[in-house]
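Engineer: sequence isn't available, so here's the structure alone:
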């Protein structure tokens, strides 16, 4: 439908799972997409270019954003999707695991927003979309550093929304639901069973992917309504509707 024709998007953690689905959806809708990751992808669809980016590296952020600005003269959206997880509870969590998870999942989001805001401010606006997690909203077993980081992402997003509203820069956090991706499939089986008790069974990413990108994005996950409406229950808002809204015209959520 080309709803994003003329837009330029940067998506991190975009070689697999939800990040790849987002990149492909945006490209299908006409956006020029720069998909980044620390692993090289399979072949991407047309309109998607790959750039290596370690989201914990400040200099790499400057280089990637600078290249996008030089080539396209604008950057309309940043999707901070890159993430890792560790499963240690608080009492056995090492400082190394804490720093690793916080570095990617929280500091990476901060570095990304900081890198793109000057470009967005200069062009008169933009959209920041940060991927949080249900584990940053509700209690979950173990994974102390991950829960801390994803909770922080929600607070950071609210702060950015208020701070940059005057620059017409929107900031929103998305809390995805439960879906088979390489990250979730690597979780301990007992945790998967407990999470499925709450969320229901996971949709399968690869099967959905074969049905077409828009349908894939529709089923990528439900989202937690609290993030968008200030309530605390769950709904089944299709991910593609949420992302398209945040990319295009949604107000800042804070």
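Structural biologist: Nice, I can see it. Fair warning: this is a prediction, and the values are worked out from it, not measured in the lab.
Engineer: separation between residue 18 and residue 92?
Structural biologist: According to C-beta to C-beta, to the nearest Å, residue 18 and residue 92 sit 29 Å apart. Every residue, glycine included, has its C-beta placed from N, CA and C.
Engineer: the two: which has the busier surroundings?
Structural biologist: Neighbour comparison, residue 18 and residue 92: the larger count goes to residue 18, with 27 against 10 (by other C-beta atoms under 10 Å).
Engineer: I'd say the more buried one and residue 133 touch.
Structural biologist: No. Residue 18 sits out of contact with residue 133 when judged by C-beta atoms under 8 Å, with a separation of 11.0 Å.
Engineer: pLDDT below threshold where in this structure?
Structural biologist: Within the chain, the set of residues satisfying pLDDT under 70 comprises 1, 43, 139, 177-254.
Engineer: quick one: buried residues of the lengthiest helix in it?
Structural biologist: Longest among the helix segments of the chain by residue count, using DSSP state H, is helix 144-163. When burial is assessed from 16 or more other C-beta atoms under 10 Å, helix 144-163 yields the following buried residues: 144-154, 156-158, 160-161.
Engineer: so which of those is the closest to residue 26?
Structural biologist: Proximity of the buried residues of helix 144-163 to residue 26 was ranked by C-beta to C-beta; the top entry is residue 157 with 19.4 Å.
Engineer: show me what the residue lying closest to the closest one once chain neighbours are set aside is bridged to.
Structural biologist: Here the nearest residue to residue 157 in space, its sequence neighbours aside, is residue 173; by C-beta to C-beta, 6 or more residues apart in numbering that works out to 4.1 Å. Beta-bridge partners recorded for residue 173 (DSSP bridges): residue 130.
Engineer: count the neighbours of residue 173 for me.
Structural biologist: Number of residues near residue 173 (other C-beta under 10 Å) recorded here: 30.
Engineer: how close does it sit to residue 128?
Structural biologist: From residue 173 to residue 128 the distance is 9 Å (C-beta to C-beta).
Engineer: and if you look at residue 111?
Structural biologist: If you measure residue 111 against residue 128 using C-beta to C-beta, the figure is 12 Å.
Engineer: between those two, point out the one with more neighbours.
Structural biologist: Counting neighbours by other C-beta under 10 Å for residue 111 and for residue 128 shows that residue 128 has the greater number, 26 against 19.
Engineer: what's near enough to touch residue 151?
Structural biologist: For residue 151, the contacting residues are 132, 136-137, taking C-beta atoms under 8 Å, 6 or more residues apart in numbering as the criterion.
Engineer: now render those as TSV, adding distance to residue 40, neighbour count and secondary structure.
Structural biologist: TSV is the format used below for these (distance: C-beta to C-beta, whole Å; neighbours: other C-beta atoms under 10 Å; DSSP: H, G, I helix; E, B strand; the rest coil):
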residue	distance to residue 40	neighbour count	secondary structure
132	27	28	coil
136	29	22	helix
137	33	18	coil
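Engineer: quickly name whichever of those is closest to residue 7.
Structural biologist: For those, the nearest to residue 7 is residue 132 (23.0 Å; C-beta to C-beta).
Engineer: hmm, residue 175 and that closest one touching each other?
Structural biologist: Yes. Applying C-beta under 8 Å, one finds residue 132 in contact with residue 175, separated by 5.0 Å.
Engineer: quick one: the strands in the stretch 1-150 of the chain?
Structural biologist: Using DSSP state E, counting those that start in this stretch, the strands assigned to the stretch 1-150 of the chain run over residues 8-11, 32-37, 48-52, 77-80, 126-131.
Engineer: next, format those strands as TSV and append distance to residue 96.
Structural biologist: Formatted as TSV, the entries for the strands of the stretch 1-150 of the chain read as follows, by distance: least, C-beta to C-beta, whole Å:
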stretch	distance to residue 96
strand 8-11	28
strand 32-37	22
strand 48-52	24
strand 77-80	23
strand 126-131	24
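Engineer: so which of those is nearest residue 59?
Structural biologist: Ranking the strands of the stretch 1-150 of the chain by proximity to residue 59 (C-beta to C-beta) places strand 48-52 first, at 12.4 Å.
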